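Participant: show me the folded form of this:
(one chain, ligands or ions: 2)
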Amino acid sequence: MKTQPLDATVRPPGSKSLTNRALLCAALAPGTSTLTGVLFADDTRAMMGVVAALGATVEADEQRRTVVVHGGGRPAPGAVVDARQSGTTSRFVLPAAGLFDSRTVVDGSAQLRARPFGPVFEAMREAGAKVEEHGATGYLPAAVSGPMRGGVVHVSGHVSSQFLSGLLMAGPLMRDGLRVSLTSELVSVPYVEMTTAVMEAFGVRVEGLTVAPGGYRPCDYAVEPDASAASYLLGAAVIAGGRVTVEGLGTGSTQGDVRFADVLERMGARVSRTATSITVESTGTLHGVDVDMADISDTAQTLAAVAVFADSPTRVTGIDFIRRKETDRIAAVVTELRRAGIEATEDEDGFTVHPGSPRPTSFHTYEDHRMAMSLALIGLRVPGIEILDPGCVAKTYPDFFADLENLGA
Ligand SMILES: O=C(O)C1=C[C@@H](OP(=O)(O)O)[C@@H](O)[C@H](O)C1
Ligand SMILES: C=C(OP(=O)(O)O)C(=O)O
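Facilitator: Residues are numbered from 1 along each chain as shown. Ligands and ions are numbered 1, 2, ... in the order given. Next up, the predicted model:
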């Protein structure tokens, strides 16, 4: 629990989403790419292992947060890849593996095996891949082989944007290029914009959802700090009081989750932004908000923790799809807030949190890093808060608890 107002400047670790896109594009680009500011965490180690299995050579220097990738290889026949718990790794590697004529088996943790894959399997078949589903229909593990010729493929957008991002990234290596037609409304839109931005850095032009054939060029790519990780640090300022500046993220960011600061501003925090920094300062006033978080859903749990300390209820909408992430995040966040005596409800496409005084409790985290990081923020104001299985933060932010502690230094 913090007793002093915070006054901290911090650089969050590298973006998971940018790291995993850059690793894949580098692996598909013949030649050498150097990635800096890379996130070293379970999800990105999963992608490093997977791109190595696709035939890239990966030289990782964790101290320097740098990875050199020699791309343009091909997978060994019968390769088996483990995407661990990583949605991005698995959804991105499937279409990439389907570019090759050899057979690659893609699998992951029990948690990942429970997450949906049907839309990407179907789209890959439409592009010419063979996909064998070894588990339940629409789930991992799956064996894929190509080559995919490409052309027009259809995919849904309402379950996850990662299907679309994965297909687009494989597009430049398809004989006929790729034109994706969405069959339902797209969630997490900023992540698709991020995909096209990284592809463009690697020499590929994306027009709408159309990619011409032609392949990638290697490049030196600087990964921004992670905007979802930043949400906890900025949320800490309004919960504990004081001021937190995150460096390396700002108005020029390619990550949608920087908009979490806009939500805090609407609630009453003072926010200032430059091209490369965001500062959130508590004003002592915190109102509840009604907010659609379909574009920035990884910060919905952070908002749930902040909302406990507002002076009116907060209603989050547009996020029914987060029931299919690491856990059912709507049910999990409501269950845990209620465990602490906070009134919270599951709604049709989101949740509502009523302000209150949480009682000391041990929060369950459901093997979901974002449950652990969000609920830990409550402990900045309330003594006796315990986070069960805190190690689950290793998925995207291994140093989270140290960074949170350092905010109060
Ligand atoms: O493309 C990406 O990097 C991501 C997209 C989002 O997933 P959905 O598109 O499944 O919402 C997000 O939740 C995830 O953490 C990262
Ligand atoms: C949903 C997440 O990750 P992924 O889908 O990449 O496993 C997340 O990091 O919150």
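
Participant: got the residue ranges for the helices in the stretch 51-200 of the chain?
Facilitator: For the stretch 51-200 of the chain, the helices defined by DSSP state H, counting those that start in this stretch cover 87-97, 110-113, 118-126, 162-170, 189-201.

Participant: likewise the stretch 301-409 of the chain?
Facilitator: Here the stretch 301-409 of the chain has its helices, by DSSP H, counting those that start in this stretch, at 329-339, 369-378, 400-407.

Participant: winner for burial among those?
Facilitator: Highest mean neighbour count among the helices of the stretch 301-409 of the chain (mean count of other Cβ atoms under 10 Å): helix 369-378, with a mean of 27. For every residue, glycine as well, the C-beta is placed using N, CA and C.

Participant: circling back to that earlier point, ligand 1 is nearest to which of the helices of the stretch 51-200 of the chain?
Facilitator: Each of the helices of the stretch 51-200 of the chain has some distance to ligand 1 by Cβ to the nearest ligand atom; the shortest is helix 189-201, at 3.7 Å.

Participant: show me the domain layout of the protein.
Facilitator: For the chain, automatic domain parsing gives the domain ranges 16-222, 225-406.

Participant: and Q4, which of the ones you listed is closest to it?
Facilitator: Among the domains of the chain, the nearest to Q4 by Cβ to Cβ is domain 225-406 (7.5 Å).

Participant: from the chain's centroid, how far away is the closest one?
Facilitator: Distance of domain 225-406 from its chain centroid, counting by Cα atoms, centre = their mean, to the nearest Å, is 15 Å.

Participant: what does this protein put close to ligand 2?
Facilitator: With the criterion set to Cβ under 6 Å from any ligand atom, the chain comes near ligand 2 through 43, 86-88, 298, 325, 370, 396.

Participant: returning to that earlier point: would you turn the helices of the stretch 301-409 of the chain into a markdown table with mean pLDDT?
Facilitator: Putting the helices of the stretch 301-409 of the chain into a markdown table (pLDDT from 0 to 100) gives the following:
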| stretch | mean pLDDT |
| --- | --- |
| helix 329-339 | 98 |
| helix 369-378 | 98 |
| helix 400-407 | 97 |
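
Participant: dump those to a markdown table, plus distance to ligand 1.
Facilitator: As requested, these are exported to a markdown table (distance: least, Cβ to the nearest ligand atom, whole Å):
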| stretch | distance to ligand 1 |
| --- | --- |
| helix 329-339 | 10 |
| helix 369-378 | 9 |
| helix 400-407 | 15 |
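
Participant: who wins for proximity to D257 among these?
Facilitator: For D257, the closest of the helices of the stretch 301-409 of the chain is helix 369-378, at 11.4 Å, according to Cβ to Cβ.

Participant: which neighbouring elements make contact with that closest one?
Facilitator: The helices and strands touching helix 369-378, judged by 3 or more Cβ pairs under 8 Å, 6 or more residues apart in numbering; DSSP states H and E, are helix 227-240, helix 300-307, helix 329-339, strand 361-363, strand 385-387, helix 400-407.
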